[in-house]
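Colleague: I would like the atomic coordinates for the input below:
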Amino acid sequence: MRVHLIAVQTELQTAPYTSAPAFKQYVLELCQTATEGLPQDEPRILGFPEAFALPLVFWLETSRAVQGARTSLQAALQLLREHWPALLRLGVWSPAALYHLRAPLVWPVYEQAFREAAQAVQAYIVAGSIFSPHMDWEPAQRLHPRGKGVYNLSLIISPQGAVLGRIPKVYLTADERRAFLTVGQPGRQTLHTRLGILANLICLDAFHDDLIEQADAAGAWLVVQPSANAARWEGPWSKDPRQVEGEVWLREGLARKLQNRENLRYGLNPMLNGHFYDLYFEGKSGIYQPGAPLALAESAVGKDFVRAVVEIPDSPGRYTH
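Modeller: Have a look, this model is predicted:
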């Protein structure tokens with residue numbers, strides 16, 4: 001069976017994140033462009049970058065003082081000052097209170113935008129990620145957080161617009177620890193779909209052998225790696241300045257991790273680009289097979305849509321358009 005893989009490389013801009021209609025339209029347009037011209041009867045999987053929805057936390061229906069702050073810390077403090085009565089009612093006494101404060105507004109916008117887009121383009125979508133508590137819905141409690149932790153969370157959406165999984169990041173970067181995120185639970189990174197078993201390993205997670213091994217052992221044929229790389233692609237590697245960041249990424253990333261696996265065959269790595277307050281992201285999105293890329297973005301800056309068609313074993317009931 002032929003499956004179309006698309007890595008959606010995006011560049012940060014403020015306007016699409018300032019209102020729910022703007023964000024929904026932005027996501028829909030990206031998905032429509034990504035799937036334009038594809039055969040209607042062939043399945044497709046879209047991957048969005050890590051932290052794609054994070055700006056909603058800071059920019060959705062917020063003041064110019066928040067949006068124009070010099071650093072994310074200054075923006076967070078300004079937000080908390082502007083909403084301190086709601087913060088007091090929240091009862092979360094930790095630096096992660098910002099995410100709990102914003103989640104009831106932000107989470108439905110994030111989820112609904114991707115659910116509607118997945119239905120519109122009939123695609124499985126790995127919807128990047130957002131910093132948020134685990135949000136759940138139950139009739140008596142309505143939308144509510146499950147526990148006090150805040151995670152780097154990614155959604156997987158079906159072509160029917162259903163949320164199939166809420167995937168937490170396990171291995172956090174120094175920036176994420178400074179943002180007071182909670183370490184995610186291993187074992188939640190794979191799920192069964194009509195296209196077989198998929199793995200969602202957020203950025204650094206896909207560089208760790210143990211999670212790759214778990215995905216392979218679970219029978220996944222595809223690893224999706226939503227990424228936001230806070231370094232210059234052609235600059236020095238943070239761990240060894242004698243090496244180049246992008247070269248290390250390509251050498252040590254999915255192409256290598258897929259080699260000699262029992263089940264894993266392909267990797268999909270969408271990258272975030274651009275400025276987010278005092279952070280700056282660069283990276284070439286790619287689609288990988290064992291040992292080499294199948295397709296790479298032309299540039300490590302700006303937006304792009306990286307596509308490849310792959311063959312996977314067919315089985316009864318796997319996919320119904």
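Colleague: Show me the shaky parts of this structure.
Modeller: Within the chain, the segments meeting pLDDT under 70 span 91-93, 315-321.
Colleague: Tell me the secondary structure at the most centrally placed residue in the chain.
Modeller: When CA atoms, centre = their mean is applied to the chain, the residue found nearest the centroid is residue 128 (1.9 Å). Secondary structure, DSSP: H, G, I helix; E, B strand; the rest coil: residue 128 is coil.
Colleague: Once you drop chain neighbours, what's closest to it?
Modeller: For residue 128, ignoring the flanking residues on the chain, the nearest one in space by CB to CB, 6 or more residues apart in numbering is residue 52 at 2.9 Å. All C-beta atoms are positioned from the backbone trio N, CA, C, and that covers glycine.
Colleague: what are the phi and psi values for the one you found?
Modeller: phi -60, psi -40 (degrees, to the nearest 10).
Colleague: looking at this, residue 98 is in a strand?
Modeller: No - looking at residue 98 with three-state DSSP, it is helix, so not inside a strand.
Colleague: can you tell me which residues contact it?
Modeller: Residues counted as contacts of residue 98 (CB atoms under 8 Å, 6 or more residues apart in numbering) are 57, 76, 79, 80.
Colleague: can you pick the most crowded of those residues?
Modeller: Within the contacts of residue 98, most neighbours by other CB atoms under 10 Å means residue 57, with 26 neighbours.
Colleague: Nearest spatial neighbour of that residue, chain-adjacent residues omitted?
Modeller: In this structure, residue 57 finds its nearest non-sequential neighbour in residue 102, 4.9 Å apart by CB to CB, 6+ apart.
Colleague: which non-adjacent residue is nearest residue 146?
Modeller: Sequence neighbours aside, residue 134 is the residue nearest to residue 146 in space, at 4.2 Å (criterion: CB to CB, 6+ apart).
Colleague: With residue 59 instead?
Modeller: Nearest one to residue 59, counting by CB to CB, 6+ apart, is residue 17 at 4.1 Å.
Colleague: what's the one you found in contact with, if anything?
Modeller: Residue 17 neighbours (CB under 8 Å, 6+ apart): 23, 55, 56, 58, 59, 60.
Colleague: mind listing the helices for this protein?
Modeller: Under the criterion DSSP state H, the chain carries helices at the ranges 20-35, 54-59, 64-67, 72-82, 84-90, 97-121, 174-178, 209-217, 245-252, 254-257.
Colleague: Any idea how far stretch 44-60 is from the middle of the chain?
Modeller: Here stretch 44-60 is found 6 Å from its chain centre; the criterion is CA atoms, centre = their mean, to the nearest Å.
Colleague: The residue nearest to residue 128 contacts residue 129, doesn't it?
Modeller: Yes - here residue 52 reaches residue 129: they are 6.8 Å apart, a contact under CB atoms under 8 Å.
Colleague: any common contacting residues for these two?
Modeller: Joint contacts of residue 52 and residue 129 (CB under 8 Å, 6+ apart) are residue 226.
Colleague: From residue 147, how far out is the residue nearest to residue 128?
Modeller: Taking CB to CB, to the nearest Å as the measure, residue 52 falls 24 Å from residue 147.
Colleague: which one of these two has more residues nearby?
Modeller: Using other CB under 10 Å as the criterion, residue 52 and residue 147 rank with residue 52 on top: 27 against 10.
Colleague: Tell me which residues touch the more buried one, please.
Modeller: 10, 127, 128, 129, 130, 226, 272.
Colleague: Just among these, which is most surrounded?
Modeller: Counting by other CB under 10 Å, top hit in the contacts of residue 52: residue 226 with 31 neighbours.
Colleague: Now that one. Nearest residue, chain neighbours left out?
Modeller: Residue 226's closest residue in space is residue 50 (CB to CB, 6+ apart), at 4.1 Å.
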